[in-house]
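my questions are about this predicted structure, shown below with the sequence.
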Amino acid sequence: MIHLTVITVGNLKESYWRDAVAEYEKRLGAYCKPSIIQLKEGSLSENPSEGEIRACLDEEGKRILDAIPPRAYRIALCVEGKQFSSEGLAKKLDSILSENGSICLIIGSSHGISQKVKDLCQLRLSVSELTFPHQMMRVLLLEVLYRSFSILHGSKYHK
């Protein structure tokens, strides 16, 4: 069984985000064993300095690294990451899964992901050049993953 872990920093405050996440977790369950690990976002002052943000990201990064499942293929979501078409991402995931039965995708806080976490990931992924609310990104990523698995299994969902 394929293990799919999504590590996120920050809470989903609104019920509609939680409901959407639950729906995609259920759908993904047909293709893999999904697991979402939600970590607490570090606290920052109202107008944080670059140093304060960096320290916060480093602290969040330590918790992220502790949460990554052993031997999982690590993918960081970040703006400078590689973009794929739906079919291209499905092929990439298929290639990864042919060598590794476990994938861990990481969504950092609203300030991003620490450089140490990015450096330890085998792939940096960007879903879009557009900016999305942090909470929406979790739902969007799960939809993208569900679409990829649907493509790999010949489902008509992706059309």
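Perfect, thanks for sending it. Numbering: from 1, shown residues only.

E143: neighbour count?
Residues lying near E143 (other C-beta atoms under 10 Å) number 16. Bear in mind the C-beta positions are built from the backbone N, C-alpha and C, glycine included.

so the closest residue in space to F132 that isn't next to it in sequence versus Y24, what's the distance?
Distances taken as C-beta to C-beta, 6 or more residues apart in numbering place L140 nearest to F132, at 6.3 Å, with adjacent residues excluded. Applying C-beta to C-beta, to the nearest Å, the value for L140 to Y24 is 10 Å.

tell me the SS of the residue nearest to F132?
Following DSSP: H, G, I helix; E, B strand; the rest coil, we place L140 in the helix state.

wait, it touches L130, no?
No: L140 is not in contact with L130 according to C-beta atoms under 8 Å; the separation is 10.2 Å.

neighbour-wise, which of these two wins?
Each of L140 and L130 has its neighbours counted (other C-beta under 10 Å); L140 has more, 18 against 7.

now the more buried one: how far from E50?
In terms of C-beta to C-beta, L140 sits 28 Å off from E50.

kindly report the same for S15.
On the measure of C-beta to C-beta, S15 and E50 end up 35 Å apart.

likewise for L12?
28 Å.

and those two? Which one has more around it.
Remark: of L12 and E50, L12 carries more neighbours, 19 against 7, as counted by other C-beta under 10 Å.

helix/strand/coil for L105?
L105 ends up strand, using three-state DSSP.

any idea how many residues pack against it?
Neighbour tally, L105, other C-beta under 10 Å: 23.
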